[in-house]
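A.B. asks: build me a model:
(one chain, ligands or ions: 1)
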Amino acid sequence: MKKCAFCTRPADSPEHIFSDWMIELLPSDQRYVCNERIVSRDEYIRYQRRKIKFVAKAVCTPCNNGWMSDLEGALKSIIGDVLVGNWGAIKTFTPEQLKIIAAFAFKTLVLANHKDLGKKRPFFTRHQRSLFRRELAIPAGVSVFLAAREHVAGKYYGFWKSVSGDSKSKSTSYNWMMYSCTWNFQNIVLQAVATKWKSHTHRKSQPPITFPEGDDWKPASLQIWPLNGTNLEWPPNYCLGPDSLLHYRDRFENISVQLLR
Ligand SMILES: [Zn+2]
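C.D. replies: Numbering: from 1, shown residues only. Reported below is the predicted structural model:
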């Protein structure tokens, strides 16, 4: 059996991508449409069923029932009131709350990576994953963004898409890799992006590339990690409609980076 993404025990526990407490916020008599991208086959599976059960078998029971359950509880107390319904409700997130939301996004990023791992090496080192389990420490090179999905009455949806990428730099020492995951459930869209240098020596001497939110998306996308120490107002000025949501989801699929030397 493969190992837990966050410790050395066997991955024997099904972790739900959409938590039970989230699904319980939805009316029980509705149909839900959810999409999951299968990275290894580069195709989508579309789910239409009353119960949403996306499961990533990538963690152990003690992790799932321990610190991950605590993280879910903390997240519920922070975004539970704006996740479903309450469209347009104004609130302020404190840096401590933003750290919990970012930790949930990073956890989802790791699960996405380990669910699709196959024979590949994990994107994050064992040390980074273990440190996250113990202290919720998010590695350098990870950026997290928070956006709002346009509310359509009577529609219930969520999706989960991850993308792995490789740079095509001519200079071998500046080649890098990235992994991103976009997660949506009803009103909330979370996007986590991570980069690392391919060269191990380069990793020791240079900080990883990060992506500060650009001016184009800023009115709709709040950068919540790394923290800048200030409160953030919710919701953003603009929400994502059907088309902009697709552009947002795929915005890290093809990027060009100018390295300043
Ligand atoms: Zn574990």
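
A.B. asks: going forward, measure contacts and count neighbours with C-alpha atoms only.
C.D. replies: Will do.

A.B. asks: quick one: pLDDT of Gln30?
C.D. replies: Reading off the confidence values, Gln30 has pLDDT 66.

A.B. asks: Leu83 - how many residues pack around it?
C.D. replies: Neighbourhood size, Leu83 [other CA atoms under 10 Å]: 20.

A.B. asks: so which bits of the stretch 51-200 of the chain are right by the ion?
C.D. replies: Residues of the stretch 51-200 of the chain found near the ion (CA under 5 Å from the ion) are Cys60, Cys63.

A.B. asks: one more time with 6 Å, if that's ok
C.D. replies: By the rule CA under 6 Å from the ion, the part of the stretch 51-200 of the chain lying against the ion is Val59, Cys60, Cys63.

A.B. asks: now, which of those lie within strands?
C.D. replies: Applying DSSP state E to these, the entries found in strands are Val59.

A.B. asks: report the buried residues of whatever helix or strand Arg133 lives in.
C.D. replies: Here Arg133, judged by DSSP states H and E, is contained in helix 126-135. Across helix 126-135, burial judged by 16 or more other CA atoms under 10 Å covers Gln128, Arg129, Ser130, Leu131, Phe132, Arg133.

A.B. asks: repeat that for stretch 82-99.
C.D. replies: Buried residues in stretch 82-99, counted by 16+ other CA under 10 Å: Val82, Leu83, Val84, Gly85, Trp87, Phe93, Pro95, Gln97, Leu98, Lys99.

A.B. asks: for the ion, state which of those residues is nearest.
C.D. replies: Lys99 (21.2 Å; CA to the ion).

A.B. asks: could you measure the closest one against Lys198, distance?
C.D. replies: Per CA to CA, to the nearest Å, Lys99 is found 28 Å from Lys198.

A.B. asks: mind listing the strands for the stretch 151-261 of the chain?
C.D. replies: Secondary structure of the stretch 151-261 of the chain by DSSP state E, counting those that start in this stretch: the strands cover 157-166, 176-185, 188-197, 221-225, 232-234.

A.B. asks: could you export these as JSON lines, including mean neighbour count?
C.D. replies: Listed next are the strands of the stretch 151-261 of the chain as JSON lines, based on neighbours: other CA atoms under 10 Å:
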{"stretch": "strand 157-166", "mean neighbour count": "19"}
{"stretch": "strand 176-185", "mean neighbour count": "22"}
{"stretch": "strand 188-197", "mean neighbour count": "24"}
{"stretch": "strand 221-225", "mean neighbour count": "24"}
{"stretch": "strand 232-234", "mean neighbour count": "16"}
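
A.B. asks: rank those strands by mean pLDDT and give me the bottom one.
C.D. replies: Per-stretch mean pLDDT for the strands of the stretch 151-261 of the chain is lowest at strand 157-166 (a mean of 84).

A.B. asks: send me that one as CSV with only the CA atoms.
C.D. replies: The C-alpha trace of strand 157-166 is given here as CSV (Å, rounded to 0.1, in the frame of the first residue of the first chain):
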residue,chain,number,x,y,z
TYR,A,157,-21.3,22.8,-8.4
GLY,A,158,-17.6,22.2,-7.6
PHE,A,159,-14.5,21.1,-9.5
TRP,A,160,-11.0,20.1,-8.8
LYS,A,161,-8.2,20.4,-11.4
SER,A,162,-4.5,20.1,-11.0
VAL,A,163,-1.8,20.8,-13.6
SER,A,164,1.9,19.9,-13.5
GLY,A,165,4.4,21.8,-15.7
ASP,A,166,8.0,21.9,-16.7
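
A.B. asks: what pairs with it, parallel or antiparallel?
C.D. replies: Counting by DSSP bridges, the strands paired with strand 157-166 are strand 32-38 (parallel), strand 176-185 (antiparallel).

A.B. asks: this completes my enquiry, with thanks.
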